[in-house]
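Chemist: here's a sequence, model it:
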Amino acid sequence: MAANTIRTIGLGLALAMSSAGSVLAEDFPHYAAVTGVAADDVLNLRAEPTASAPVLGTLSPGATGIEITGASADEKWLRLNVDGRTGWAAARFLKDVPMPPWWTEQVPLACSGTEPFWSLRYAPGLFRFEMAGEAAQNLDVEWSGAPQNGKAETVGMKLSGKGTEGFVVFKGGTCSDGMSDALYAIGLDLFLKTPAGRRALTGCCRLD
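Modeler: A predicted model of the protein is given here:
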């Protein structure tokens, strides 16, 4: 069976499962906008999903492009990142911005990791890998696939570039870079064979 056919079957099963529940891992991340907040008011970003938690920051009325990375168990609060910090805002004041799910490979992503510091940016069909002290590399996607068990939160891609080959696996779920207070909704494992040697890297991704 062709790789493209496998990919289609996997995504079809995932879409069917994602429509069956209210909030699933593959629902995050996605963009949202502030709604229902008066022009002279703000939406508070709190340290925990409760109205009594300390305020970490605020969102202005009509603010958009807000990345939602999770939800509380009762779905009344949404987790998001603002200025490098993770906080919680009341779900009733945030509306989804229409966009494809990240795992359809249509959504640009910005990924990074530490020790050593590196970054990987994704635009559909193309990656750009950078690491301190090394020349940046563009990497093409040779093929991609998702499990056929309906787990839309896992996507693998075969990469190739000038003298470089590798594989990346994206996994939906809470991810921490271990260096900041931010929590993300996508983790990745990156394996590369380059002229400089072999690398196995782990990091987190955000919408780009």
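Chemist: mind showing which ranges of this structure have poor pLDDT?
Modeler: The model of the chain has pLDDT under 70 over residues 1-26, 150-152.
Chemist: tell me where it has helices.
Modeler: With DSSP state H as the criterion, the chain has helices at 3-18.
Chemist: farthest residue from the center of it?
Modeler: Taking C-alpha atoms, centre = their mean, the residue of the chain most remote from its mean C-alpha position is Asp40, at 32.2 Å.
Chemist: domain parsing of the chain, as residue ranges.
Modeler: Domain assignment for the chain, taken from automatic domain parsing, gives 9-96, 102-207.
Chemist: what residues of stretch 153-168 count as buried?
Modeler: Buried residues in stretch 153-168, defined by neighbour count with 16 or more other C-beta atoms under 10 Å: Glu153, Thr154, Val155, Met157, Lys158, Leu159, Gly161, Thr164, Gly166, Val168. Any C-beta I mention is one placed from the backbone N, CA and C, and that applies to glycine too.
Chemist: right, and the first one touches Val169 too?
Modeler: No. The pair Glu153 and Val169 does not pass the contact test of C-beta atoms under 8 Å, sitting 10.9 Å apart.
Chemist: what's the separation between the nearest residue to Ser72 once chain neighbours are set aside and Pro100?
Modeler: When the adjacent residues along the chain are set aside, Ser72 lies closest to Pro49, with 3.9 Å between them (C-beta to C-beta, 6 or more residues apart in numbering). Going from Pro49 to Pro100 by C-beta to C-beta, to the nearest Å gives 27 Å.
Chemist: the more surrounded of these two?
Modeler: Using other C-beta atoms under 10 Å, the more surrounded residue of Pro49 and Pro100 is Pro49, with 21 against 10.
Chemist: residues in contact with the closest residue to Gly166 other than its chain neighbours?
Modeler: With sequence-adjacent residues excluded and distances taken as C-beta to C-beta, 6+ apart, Gly166 is closest to Leu192, at 3.8 Å. With contacts defined as C-beta atoms under 8 Å, 6 or more residues apart in numbering, Leu192 is in contact with Phe129, Leu159, Thr164, Glu165, Gly166, Arg198, Arg199, Leu201.
Chemist: against Gly156, how distant is Leu192?
Modeler: Per C-beta to C-beta, Leu192 is found 14 Å from Gly156.
Chemist: what bridges to Ala200?
Modeler: When bridges are assigned using DSSP bridges, the partners listed for Ala200 are Phe191.
Chemist: that one: what's it in contact with?
Modeler: Shown in contact with Ala200 (C-beta under 8 Å, 6+ apart): Asp189, Leu190, Phe191.
Chemist: go ahead and build a PyMOL selection from the buried members of the residues you listed.
Modeler: Below is the selection syntax for PyMOL that covers the buried ones among the contacts of Ala200, with 16+ other C-beta under 10 Å defining burial:
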select buried, resi 190
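Chemist: I am finished for the moment; much appreciated.
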